[in-house]
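Enquirer: Sharing a sequence plus its predicted fold:
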Amino acid sequence: MAEKQLAGQTALVTGANSGIGAGVAQSLGQAGANVIVNYVSKPEDADAIVATIKGYGVDALAIQADVSKEDQVQAMFQQAVAHFGTVDILVNNAGLQRDAKFDEMTLQQWQTVIDVNLTGQFLCAREAIREFLRRGPRPEVSKAAGKIICMSSVHELIPWAGHVNYAASKGAIKMLMQSLAQEYGDRQIRINSICPGAIQTPINTAAWSTPQALNSLMTLIPYNRIGQPEDIGNLAVFLASDASDYITGASIFIDGGMTVFEGFATGG
């Protein structure tokens with residue numbers, strides 16, 4: 001991978017103090033970008049990620065904001081632009097689960113997931129696009145006027161019983177992403193989605209924390225390993241760089257083959 005291919009650019013990563021977000025934030029920093037580490041709780045974790053990123057010779061800043069709250073998102077972008085001058089890359093990563101059987105799911109469980117996973121991506125993407133349009137192209141650092149990476153999931157494609165709110169939010173992210181790519185492509189703004197499968201993070205500890213659970217998970221993954229946050233980080237760097245300049249409106253699955261439905265390898 002080319003050294004410092006994101007030099008001179010600033011990336012804002014939501015939900016970046018743990019899991020996939022932390023992995024992506026660190027990968028972008030290693031590639032030369034300054035990074036805003038957004039978080040909603042555990043500021044000490046955000047500060048640790050900031051310190052790690054600064055160790056790569058770039059600048060980093062932790063900003064607390066609940067992405068489901070319009071005023072907090074707007075204040076975060078104002079602070080980011082005040083500190084770094086602009087934002088070039090948004091990684092819409094913040095997300096959560098509130099799992100329940102559908103007939104037992106509360107309105108609050110539904111709404112919490114939609115508010116963070118979908119409305120949060122809307123609010124952050126809107127502020128990012130406003131900033132890209134205000135600033136205009138910066139051809140000295142990027143062919144694109146701005147890049148947005150939406151963190152979706154294999155569950156924008158694969159239904160998920162017991163997680164209807166989560167799967168619905170990810171299916172909606174696909175259309176949000178594609179519609180924005182269609183609307184702003186002529187302004188050289190690129191918008192794509194990363195669709196992770198099973199990644200070893202705190203959100204899904206139950207899926208991999210015991211040998212039995214991990215063996216069960218492997219029956220869904222042809223490549224026979226669980227993904228790591230740096231796998232997602234490597235793809236995010238590619239999508240944020242000029243190496244992917246002709247890619248927009250794409251959902252890129254990074255799942256060890258989960259979407260080829262390995263359960264059908266011996267049956268069906």
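Expert: Sure thing, it's come through.

Enquirer: which residues of the chain score low on pLDDT?
Expert: Where the chain drops to pLDDT under 70, the residues are 1-3, 268.

Enquirer: for it, which strand is longest?
Expert: strand 189-196 (DSSP state E).

Enquirer: Could you list the buried residues of the next helix or strand after that one?
Expert: Using DSSP states H and E, the helix or strand that follows strand 189-196 in sequence is helix 211-218. By neighbour count on 16 or more other Cβ atoms under 10 Å, the buried set for helix 211-218 is 217-218. Where you see a C-beta, it was placed from the backbone N, CA and C, and this is true even at glycine.

Enquirer: Could I get the phi/psi values of the residue nearest to residue 64 when sequence neighbours are not counted?
Expert: The shortest distance from residue 64 to any non-neighbouring residue, by Cβ to Cβ, 6 or more residues apart in numbering, is to residue 39 (5.9 Å). Residue 39 adopts backbone torsions of phi -150, psi 160, taken as degrees, to the nearest 10.

Enquirer: Now residue 76: closest residue in space that isn't a chain neighbour?
Expert: Nearest residue to residue 76, sequence neighbours excluded (Cβ to Cβ, 6+ apart): residue 65, at 4.0 Å.

Enquirer: Same check on residue 102?
Expert: Among residues not flanking residue 102 along the chain, residue 164 sits closest, at 5.0 Å (Cβ to Cβ, 6+ apart).

Enquirer: OK, contacts around the residue nearest to residue 64?
Expert: For residue 39, the contacting residues are 15-17, 45-46, 62-64, by Cβ atoms under 8 Å, 6 or more residues apart in numbering.

Enquirer: just those residues now: which is nearest residue 76?
Expert: Closest approach to residue 76 among the contacts of residue 39 (Cβ to Cβ): residue 63, at 4.9 Å.

Enquirer: quick check, the closest one in a helix?
Expert: No - counting by DSSP: H, G, I helix; E, B strand; the rest coil, residue 63 is not part of a helix but strand.

Enquirer: tell me the contacts of it?
Expert: Counting by Cβ under 8 Å, 6+ apart, residue 63 has contacts 36-39, 76, 79-80.

Enquirer: Filter those down to just the ones in strands.
Expert: 36-39.

Enquirer: Now residue 7: closest residue in space that isn't a chain neighbour?
Expert: residue 32 (3.6 Å).

Enquirer: before we move on, back to that, and the longest strand of the chain, what's buried?
Expert: Judged by neighbour count (16+ other Cβ under 10 Å), strand 189-196 contains these buried residues: 189-196.

Enquirer: what's the answer for stretch 98-112, then?
Expert: Residues 98, 105, 109-110, 112 are the ones in stretch 98-112 that count as buried (16+ other Cβ under 10 Å).

Enquirer: Output these in TSV; the columns should cover distance to residue 184 and secondary structure.
Expert: Formatted as TSV, those follow (distance: Cβ to Cβ, whole Å; DSSP: H, G, I helix; E, B strand; the rest coil):
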residue	distance to residue 184	secondary structure
98	31	coil
105	34	coil
109	33	helix
110	30	helix
112	29	helix
